[in-house]
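coords below, sequence missing:
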Ligand SMILES: Nc1ncnc2c1ncn2[C@@H]1O[C@H](COP(=O)(O)OP(=O)(O)OP(=O)(O)O)[C@@H](O)[C@H]1O
Ligand SMILES: Nc1ncnc2c1ncn2[C@@H]1O[C@H](COP(=O)(O)OP(=O)(O)OP(=O)(O)O)[C@@H](O)[C@H]1O
Ligand SMILES: [Mg+2]
Ligand SMILES: [Mg+2]
């Protein structure tokens, strides 16, 4: 088998408290292949975002990585020094959060926000950056002639797509998406994720996708890992997680979803 | 809508605009709907279509530019301070974020005692304690354990239950819930929705439930409104609208609801950008005419 793009090995992360430490991620291991969309699902507080931050090396105290490895193309992300980190972020790993659309600078035109990233990381001049910006905006279905507009002139879904375009501008190897469309309507959500799905096929990047919507996760992901209280309890292809869940917890998660056309009553956790 | 009962609140062609020329946002355009005791109205639609604006109009945080609100048969007058205070008490909101809406410095008991002291002045000492326990039990929290706790010691679902108990302590007759479960886990989400259902039934509350999750809307609501670009485009009995959508935007919206049976790679799942743009274009055109599909199912005229 070829080497996976990302390989998480026995990752354990604690939040350090005054009296006791809290184990948020407990001996988790999984691989993400090049070009693959891997999903992490599980209840609030099970450690999904903690893993996402660690992969991007964006974790901060009180989070402490106790043990384990995060290998990107065989190199341990946890060993990178500050210098190496600078080029690692954005160029190798990019991250999109739920509220990323609000992270755009309100007083800067979209063009200037692209320029910032492209100049810092690739030393592009204005003209080169403008060309790259137009190309990236086209990728996410936004008219390039709108690059002179300010963020507030776009809808929430468009702003989220702009953030994704900025993330992809440096050709990262993997994009970590933590609830990227949770605040948006399902049409815009579908448009964005459909685009991400096409782009990863075309450009070859991998995606680590986090959402609380299991139905959506099965639609989008190739493989899915189910987490419970810091542990990865099951991982399998999306079809198997949906059609033949093994762990009781995965079955329970499915039972607590009301369906659009099914019966009105759902069982599962009803307390 | 389809009921014969008197609505407790009626919005009659209410409009709200933001900004000034040339940057006007028509956040709500001639919006009309009714809330009935013992019923839930779901409000769904595009992000930015005006759902929260409607909620804030109902809360009277915004004044309508046009149209009026009819509460228990009478227009809501802004001049009458006493009537307005009564209205504010009757209409309570549950917010999306269960974490920010409680004061970290106070116990859960305190969060309920204050509104009881303010709004139910006939209650004395022991009666207030008894009422606090009753409210907590009603939202399925154990008073002995929960009452002395502080908000940070509770989970998101438990906090949202406290928020619901608080609206009851104030004496709410109408509850506006703007994405009340979107920050909650799937496992606790149903519990909160069941609780809202039960309160609606037992206490005859009128509920306005705003969400992006149409499957949960069907779970709690009898009626539904679909909004696009500040206008209501389709409305009526929730089963009829979901099973037989007639407006192009409703059809698009329902076709995009996540479905684990259909993978994105499947051509059936593929939204064509040109089709989506066309639906957006025709749905944004204001039109005052409506078409009756059934006695309790309507759409706005398109094209
Ligand atoms: N800064 C912190 N200090 C202490 N504990 C923390 C901190 N951040 C997170 N935790 C705890 O670590 C656990 C994992 O949190 P994390 O944010 O990774 O969960 P998650 O799976 O992303 O949840 P959600 O679905 O709600 O986003 C939780 O129990 C949380 O309370
Ligand atoms: N205070 C305000 N000032 C200016 N514009 C506003 C204000 N509040 C809302 N808007 C605009 O009005 C429109 C409707 O916004 P609203 O928040 O009601 O949408 P929504 O349907 O609740 O969206 P979402 O699903 O994203 O929560 C949007 O274009 C929004 O930008
Ligand atoms: Mg998280
Ligand atoms: Mg809103």
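Looks like it arrived, so ask away. The structure displayed is predicted, hence computed values, not measured ones. Ligands and ions are numbered 1, 2, ... in the order given.

the spatially most central residue of chain A - nearest residue in space that isn't next to it in sequence?
By CA atoms, centre = their mean, the mean C-alpha position of chain A lies nearest to residue A:177, the distance being 1.6 Å. Spatial nearest neighbour of residue A:177, excluding adjacent residues (CB to CB, 6 or more residues apart in numbering or on different chains): residue A:96 at 4.7 Å. Any C-beta I mention is one placed from the backbone N, CA and C, and that applies to glycine too.

measure the one you found to ligand 1 for me?
Distance, residue A:96 to ligand 1, by CB to the nearest ligand atom, to the nearest Å: 14 Å.

residues in contact with that residue?
Residue A:96 makes contact with A:160, A:163-164, A:167, A:175-178, A:180 under the criterion CB atoms under 8 Å, 6 or more residues apart in numbering or on different chains.

on the three-state scheme, it is what?
With DSSP: H, G, I helix; E, B strand; the rest coil as the basis, the three-state label of residue A:96 is strand.

which bits of the stretch 151-271 of chain A sit near chain B?
Near chain B, the residues belonging to the stretch 151-271 of chain A are A:155-157, A:182-191, A:193-194, A:197, A:212-216, A:218-220, A:238, A:242, A:252-253, A:256-261, A:264, A:266, A:268-271 when assessed by CB under 8 Å from any CB of the partner chain.

hang on, the earlier thing: tell me which two in the contacts of residue A:96 are the farthest apart.
A:160 and A:176 (14.8 Å; CB to CB).

which residue is the nearest non-sequential neighbour of residue A:182?
For residue A:182, the spatially nearest residue (CB to CB, 6+ apart) is residue A:98, at 5.0 Å.

run a quick neighbour tally on residue 244.
Picking chain A for this. Using other CB atoms under 10 Å in any protein chain shown, residue A:244 has 10 other residues around it.

switch to chain B, that's the one I care about
14.

next one: residue A:7
Neighbours of residue A:7 (other CB under 10 Å): 18.

mind listing what it touches?
So, once contact is read as CB under 8 Å, 6+ apart, residue A:7 ends up touching A:31-32, A:69-71, A:74.

quick one: pLDDT of it?
At residue A:7, the pLDDT value in this model is 97.

show me what it bridges to in the sheet.
residue A:31, residue A:71 (DSSP bridges).

specify which member of the contacts of residue A:96 is nearest to residue A:137.
Nearest to residue A:137 among the contacts of residue A:96, with distances taken as CB to CB, is residue A:164, at 10.7 Å.

can you pull the contacts of that closest one?
With the criterion set at CB under 8 Å, 6+ apart, residue A:164 makes contact with A:96, A:140, A:175, A:180, A:192, A:195-196.

which non-adjacent residue is nearest residue A:6?
In space, residue A:6 is closest to residue A:32, 4.2 Å off (CB to CB, 6+ apart).

could you pull out the strands for chain B?
B:9-18, B:25-35, B:40-45, B:66-71, B:74-75, B:91-94, B:174-178, B:206-210, B:223-228, B:231-237, B:290-294, B:297-300 (DSSP state E).

neighbours around the residue in chain A that ligand 2 sits nearest to, how many?
Evaluated by CB to the nearest ligand atom, chain A has residue A:156 as its residue closest to ligand 2, separated by 5.4 Å. Applying other CB under 10 Å, we find 17 residues neighbouring residue A:156.

so what's the residue nearest to it when sequence neighbours are not counted up against?
Of all residues not flanking residue A:156 in the chain, residue B:47 sits nearest, at 5.0 Å (CB to CB, 6+ apart). Counting by CB under 8 Å, 6+ apart, residue B:47 makes contact with A:155-157, A:183-185, A:188, B:212.

residue B:11: how many residues sit nearby?
21.

how about the contacts made by it?
Residue B:11 neighbours (CB under 8 Å, 6+ apart): B:31-34, B:54, B:57-58, B:67, B:69-70.
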